[in-house]
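J.: below is the sequence, then the predicted model.
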Amino acid sequence: LTGESALQALVSRRTDPDRILKWPGMANFSELLQRHRLGSPELANQLAKALGDQPTVLKNVRPVHLAVLLQQPWALHLLHDAGHIDLATAPPCQEHCLADAGLPEDSPLAYQALDLVTLAVRTGGLKVLEAILDKRLGLNVNHEAELVPDFSPPFFPRRETQLAPTWAWRRLSALELALLHRRVDAAVLLVRLGANLIHTVDHVAVEPPTHYSVTDMCFRGLTPLHLCALLDLPAAAAALLNEGCQDKGHVVPDEFLRAQRQQMLSAMCIQGWATVEGDSQKEEEHWLWRDLQPLHLAILHKHYDLAALLVDLSSPETLAKLCICKGVADDSQRSFSALLLAFEHDQKELHRKIAKRAKI
């Protein structure tokens, strides 16, 4: 991948463009980049930050994945146009935990599969991401991973005592992955290329929870805006809401290609004892909170500046909707509005803002 002529020569010699390469590790890869001038120092630093700071390693890396890592869309198009690789069906590379978690190699919780789209989101360049999602190549911006371990920085930090992920994701797509890695620029581009603003994912415990710190982060039905509220991403929340359609009535059916802002702001999720094994028994799972909107979630997690941003864009009808809390000891239920949650958290300024916006 030192240049177009070099790649064309390999293709002409019928070199296998789909062979698996041994990943040298991030430190050695950065050295190769500099020695062979495959990328700028900025690219080396970007890849080191994206891959080197995580307690994970890439496996099953192929030439197409190298083209993504090195941000060389011309290489992807050359391989595709020559008929050697169908980018839409190219096998993914895999991100594995560095520590031995004792899981079988083929377990869905042993690694996260990264196709070309998610690899581009995970590691960098908007140009290569836009090139990959060219309609002619047939890749799906809304492709879902049915079950993957949570290797994201907020939930799987570099820690010697953490040998395996505590949580896993159901139906994770590229948009959620961009938010988990704080790639606001990639998230906006994905939405403009067709990513679903109200797509939902489940964040579930790998093992049955034994501590409240695990169940505090177990949810079903999280939208991208819920993720922003959960992880305190105000810039991402503002960007996503800006990409949503204005709150106007439909003139013709299916007029709006994207979700409307109030749809995003009023979407609801459930917090509870959600586990990987409980997926087939969702209705029987014990829940702690239900009907949680992004605003409710932001207040509960004490992200008050982000909550204020959501209030400014919410309609009175959205602000009037209630979430419900269930008592652990006696299964009693209590409903809360955003106004009452702000009062319970002693947030006087936020309480006044909600009351004014809701016209109470």
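T.: Arrived safely. Numbers count the residues shown, from 1 in each chain.

J.: which regions of the stretch 251-360 of the chain lie under the pLDDT threshold?
T.: Low-confidence regions of the stretch 251-360 of the chain, defined by pLDDT under 70, span residues 251-256, 279-282.

J.: at 80 instead, please
T.: Confidence mapping of the stretch 251-360 of the chain against pLDDT under 80 gives the ranges 251-257, 278-284, 328-331, 360.

J.: for it, what spans make up the helices?
T.: Under the criterion DSSP state H, counting those that start in this stretch, the stretch 251-360 of the chain contains helices at 261-266, 294-300, 304-313, 316-320, 338-344, 348-357.

J.: can you show me the CA trace of the shortest one as PDB?
T.: Only the C-alpha atoms of helix 316-320 are listed here, as PDB (Å, rounded to 0.1, in the frame of the first residue of the first chain):
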ATOM      1  CA  PRO A 316     -44.400  20.900  26.400                       C
ATOM      2  CA  GLU A 317     -45.900  17.600  25.400                       C
ATOM      3  CA  THR A 318     -42.500  15.900  25.500                       C
ATOM      4  CA  LEU A 319     -41.700  17.400  28.900                       C
ATOM      5  CA  ALA A 320     -45.100  16.300  30.300                       C
END
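
J.: so which elements touch it?
T.: Packed against helix 316-320, as judged by 3 or more Cβ pairs under 8 Å, 6 or more residues apart in numbering; DSSP states H and E, are the following elements: helix 261-266, helix 348-357. (Each C-beta comes from the backbone N, C-alpha and C, glycine too.)

J.: how far off centre is that helix?
T.: On the basis of Cα atoms, centre = their mean, to the nearest Å, helix 316-320 is displaced by 28 Å from the centre of the chain it belongs to.

J.: what residues sit buried inside that helix?
T.: With burial defined by 16 or more other Cβ atoms under 10 Å, the residues of helix 316-320 counted as buried are 318, 319.

J.: ok, and what's touching that helix?
T.: Helix 316-320 has contacts (Cβ atoms under 8 Å, 6 or more residues apart in numbering) with 262, 265-266, 293, 295, 311, 337-339, 354, 357-359.

J.: ok, the first one next?
T.: Outside of helix 261-266, the residues that reach it under the criterion Cβ under 8 Å, 6+ apart are 197-198, 223-225, 240-241, 244-247, 293-295, 310, 313-315, 317-318, 321.

J.: only the buried residues of it, if you could.
T.: 261, 262, 263, 264, 265, 266.

J.: contacting residues around residue 300?
T.: 289, 292, 341.

J.: make JSON lines out of the helices and strands packed on helix 316-320 and add distance to residue 110.
T.: Converted to JSON lines, these look like this (distance: least, Cβ to Cβ, whole Å):
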{"stretch": "helix 261-266", "distance to residue 110": "34"}
{"stretch": "helix 348-357", "distance to residue 110": "43"}
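
J.: how far does stretch 184-196 sit from the chain's center?
T.: Stretch 184-196 has its C-alpha centroid displaced from the chain centroid by 11 Å (Cα atoms, centre = their mean).

J.: likewise stretch 190-209?
T.: Stretch 190-209 has its average C-alpha position 6 Å from the chain's average C-alpha position, going by Cα atoms, centre = their mean.

J.: hey, C-alpha coordinates of it in CSV?
T.: The C-alpha coordinates for stretch 190-209 follow below in CSV (Å, rounded to 0.1, in the frame of the first residue of the first chain):
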residue,chain,number,x,y,z
LEU,A,190,-23.3,8.4,9.3
VAL,A,191,-26.6,10.2,9.8
ARG,A,192,-26.2,12.1,6.6
LEU,A,193,-25.5,8.9,4.8
GLY,A,194,-28.7,7.3,6.1
ALA,A,195,-28.0,6.0,9.7
ASN,A,196,-31.2,5.7,11.8
LEU,A,197,-31.5,8.3,14.5
ILE,A,198,-33.9,6.3,16.6
HIS,A,199,-32.3,2.9,16.2
THR,A,200,-32.3,1.1,19.5
VAL,A,201,-29.7,-1.1,21.2
ASP,A,202,-29.6,-3.1,24.4
HIS,A,203,-26.8,-2.9,27.0
VAL,A,204,-26.9,-6.1,28.9
ALA,A,205,-24.8,-7.8,31.6
VAL,A,206,-22.7,-10.8,30.5
GLU,A,207,-23.3,-12.5,33.8
PRO,A,208,-26.3,-12.1,36.2
PRO,A,209,-25.6,-8.9,38.1
